[in-house]
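S.K.: Following is a predicted model, sequence given first.
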Amino acid sequence: MNTNSSLAEEYERGRSFDGFLVRSFRASDRQKVLSLHASATPVASVPCDCTANIDRIQEIYLRHPRNHFWVADAHGEILGTVGIGVQDEEVAHLHCLRAVDNPISNLVRKGLVQVAANHAHLHGCLKLILHAQVDVGRAAEFLHRLGFQFSRQREVDAQSVLEFYLNLYEQPELLAVNRATRIGATPGESSSGRMRGKAVADANAHHASASSARGRINATIRHVPAPFPDSVTQIEPPAT
């Protein structure tokens, strides 16, 4: 079976989490996504241009096998969104991470990121760049569990982004669906702190030992393309 066709069918059916489903964006989601982004955008968040280009989401994300856009759906209510754009060799950019402000918002974000990270892994991406306003330690801990090691935090056009590399020495558990219902569990604060510290320490060790493998991609990307070519936040590509 064609891998891309199989993935498209899986995304359309959706991946079930505790209380919601992460599935592909549909044209009928348009107004609900606009409403979500109007109400769920933090003041200091990374700019997201999917609302300004709402009618191009299918064109940009759903007609290219390596790109995709998902929503978190709870009985017809859109709880969150996330998009993946692969615009550089083996580098995936995670955009448009939003979730409603409710008791399960943290679980919704994690479910969306898990599905997006799985997609990046399946399409051979060695590097994942997270364009979102998130806690660095918690993001490093969670993506460490999904097989991606934290590399660094840097500024791109005055906006913070986080860079992760696929862990080449451990088998990522990105396809383990039964982990989905557990990703929202919150350990005790002291234990969580120790786990986050370990994730960052492991990432530093991995960053040094995997340099030869990461030499295949540009580890110092100076320009991070926005997913929409005509967006006001578009960054021009480097001169050739």
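M.R.: Structure's in. What do you need?

S.K.: Tell me the helix or strand right after the strand or helix carrying Val113.
M.R.: Assigned by DSSP states H and E, Val113 falls within helix 105-122. Moving toward the C-terminus from helix 105-122, the next helix or strand (DSSP H and E) is strand 127-130.

S.K.: Pass me the low-pLDDT residue ranges in the protein, would you?
M.R.: Residue ranges of the chain with pLDDT under 70: 1-5, 41-52, 170-240.

S.K.: in its sheet, what does the lengthiest strand in it sit against?
M.R.: Ordering each strand of the chain by length in residues (DSSP state E) puts strand 77-88 first. Here strand 77-88 is paired, per DSSP bridges, with strand 68-74 (antiparallel), strand 91-99 (antiparallel).

S.K.: Could you name the helices and strands sitting against the helix holding Val113?
M.R.: Where contact means 3 or more C-beta pairs under 8 Å, 6 or more residues apart in numbering; DSSP states H and E, helix 105-122 is packed against helix 3-13, strand 15-17, strand 20-24, strand 68-74, strand 77-88, strand 91-99, helix 136-145. Placement of C-beta: from N, CA and C, glycine included.

S.K.: Using CSV, please lay out these together with mean neighbour count and distance to Ile129.
M.R.: Formatted as CSV, the helices and strands packed on helix 105-122 follow (neighbours: other C-beta atoms under 10 Å; distance: least, C-beta to C-beta, whole Å):
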stretch, mean neighbour count, distance to Ile129
helix 3-13, 13, 21
strand 15-17, 18, 22
strand 20-24, 21, 20
strand 68-74, 23, 16
strand 77-88, 23, 9
strand 91-99, 24, 5
helix 136-145, 20, 12
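
S.K.: Cheers, nothing more for now.
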